[in-house]
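Enquirer: got a predicted model here, sequence first, then my questions.
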Amino acid sequence: MTQTNMARANNAQAARIPLRLLRSMLFVPATSERFFAKAIGSDADGVIFDLEDSVAEAQKDQARKILVSALNDLDFGRKTVAVRINGVDSPHMYKDVIALAEHGPRLDFIVQPMVDDARHVQFLSTLLDQVERSKGRSQRIGIEAIIETPLGLEHLREIATSSPRLENLSFGAGDYAAAMHMKNHVVGAPDRSYRISPSVEFGESGTPDQFGDIWHYPMARIANACKAFGLHARDSAYADLTNEAGFRAAAMRARALGFEGKSVIHPSQISMCNQVFSPTSEEVAWAENVLRELERAAQRGDGAVSLNGEMVDEAHVKLARNILAEHELLIHKEVQKVAQKGSRPS
């Protein structure tokens, strides 16, 4: 495929993917019914009900029944609803998919764990095709693939182009760390041992240690694949619930790499997650100013202009439009939230 045709394909893929806010996706075990209503009523952009890691083997069938009932009985409003199913190496996966696709009308996408290659996504996509045709389902169920193995990372390109149903790629730091034999047991947190000590290694007395980020390589590759092929990128969970500053720092790094949101495993993380992955008022003002000044420059026949001492050009126009598109999506969500509250009986 030529670069031109590839670009067209990527644009077409991006156009097929629904516009969703994915700043904060709250994980809830499918067996924890007492938390369902609280999760739905939270400020999280979406809820991911979990049938995989948080459900014991003996409870898989019961958890699936509970979840299918909840998907039919609860009012989710406009919140994004997803389910993490069991992986392809599990005897429960096909049961999860069939039950959800046949009896879960309020399901936006399925989160597929441990995706090693394109065949995993294609298998899920084919199952969904069959069930949707059989049931005459009108709303297509999307797919999010979790990249959490070294093999999955090596096959990123093939995975990212595996199915028209694929909407998102997310990073799974816990299983990735285990597969890489890392020693850091706090999922999503940095590792103090990953550093350079100039005072020791180079004899530079008094020089502070320089810390690295053990997650940078897989995260950068996932974010790049998403932008290359028109997908959304979501970062891993952060397991240390007591370290608010650490969570914020991790979220800020993910945003800097191009991620649009993060998994959250406790309601206390939602507000900060939403804040980090939302454009600030200063960023919105900058974007509006860039577009305004460059439009004036174009009328004068100039392609670039100095703005507060910074030379800005067409590349900055693209950055500005991205910021304003995110801002508009947030405004739209707030309008919908107000309308939804107004429609509820008092």
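Expert: That came in fine, so what should we check first?

Enquirer: now do the closest residue to residue 193 other than its chain neighbours: how many residues are near it, please.
Expert: For residue 193, ignoring the flanking residues on the chain, the nearest one in space by Cβ to Cβ, 6 or more residues apart in numbering is residue 183 at 7.3 Å. In this view, the C-beta of every residue, glycine as well, is placed from N, C-alpha and C. For residue 183, the count of nearby residues is 8 (other Cβ atoms under 10 Å).

Enquirer: residue 183 against residue 214, yeah?
Expert: No: with contact defined as Cβ atoms under 8 Å, residue 183 does not count as touching residue 214 (10.0 Å).

Enquirer: what touches both of the two?
Expert: Residues touching both residue 183 and residue 214 (Cβ atoms under 8 Å, 6 or more residues apart in numbering) are residue 191.

Enquirer: residues touching residue 145, list them.
Expert: 112, 115, 120-121, 152, 159, 162, 166, 168-170.

Enquirer: just the closest of those residues to residue 177, please.
Expert: residue 152 (13.6 Å; Cβ to Cβ).

Enquirer: tell me the pLDDT at the closest one?
Expert: At residue 152, the model reports a pLDDT of 98.

Enquirer: mind giving me the packing neighbours of whichever helix or strand it is part of?
Expert: Of the helices and strands defined by DSSP states H and E, residue 152 is found in helix 150-154. Contact partners of helix 150-154 among helices and strands, from 3 or more Cβ pairs under 8 Å, 6 or more residues apart in numbering; DSSP states H and E: strand 142-147, helix 173-179, helix 216-228.

Enquirer: partner strands of the shortest one, parallel or antiparallel?
Expert: Partners of strand 142-147 in the sheet, by DSSP bridges, are strand 109-112 (parallel), strand 166-171 (parallel).

Enquirer: three-state assignment of the residue nearest in space to the middle of the chain?
Expert: Centroid check for the chain by Cα atoms, centre = their mean gives residue 234 as the closest residue, at 2.2 Å. With DSSP: H, G, I helix; E, B strand; the rest coil as the basis, residue 234 sits in strand.

Enquirer: can you pull the contacts of it?
Expert: By Cβ under 8 Å, 6+ apart, the neighbours of residue 234 are 22, 25, 144, 168-171, 259-263.

Enquirer: apart from its neighbours in sequence, what residue is nearest it?
Expert: With Cβ to Cβ, 6+ apart, the residue lying closest to residue 234 is residue 170, at 4.1 Å.

Enquirer: for that neighbour, give the beta-bridge partners.
Expert: Those that pair with residue 170 in a beta bridge, by DSSP bridges, are residue 146, residue 234.

Enquirer: rewinding a little: could you dump the contacts of residue 145 to JSON lines with neighbour count and distance to residue 41?
Expert: Formatted as JSON lines, the contacts of residue 145 follow (neighbours: other Cβ atoms under 10 Å; distance: Cβ to Cβ, whole Å):
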{"residue": "112", "neighbour count": "25", "distance to residue 41": "27"}
{"residue": "115", "neighbour count": "30", "distance to residue 41": "31"}
{"residue": "120", "neighbour count": "23", "distance to residue 41": "34"}
{"residue": "121", "neighbour count": "23", "distance to residue 41": "32"}
{"residue": "152", "neighbour count": "26", "distance to residue 41": "34"}
{"residue": "159", "neighbour count": "27", "distance to residue 41": "34"}
{"residue": "162", "neighbour count": "23", "distance to residue 41": "35"}
{"residue": "166", "neighbour count": "29", "distance to residue 41": "30"}
{"residue": "168", "neighbour count": "23", "distance to residue 41": "24"}
{"residue": "169", "neighbour count": "26", "distance to residue 41": "28"}
{"residue": "170", "neighbour count": "29", "distance to residue 41": "24"}
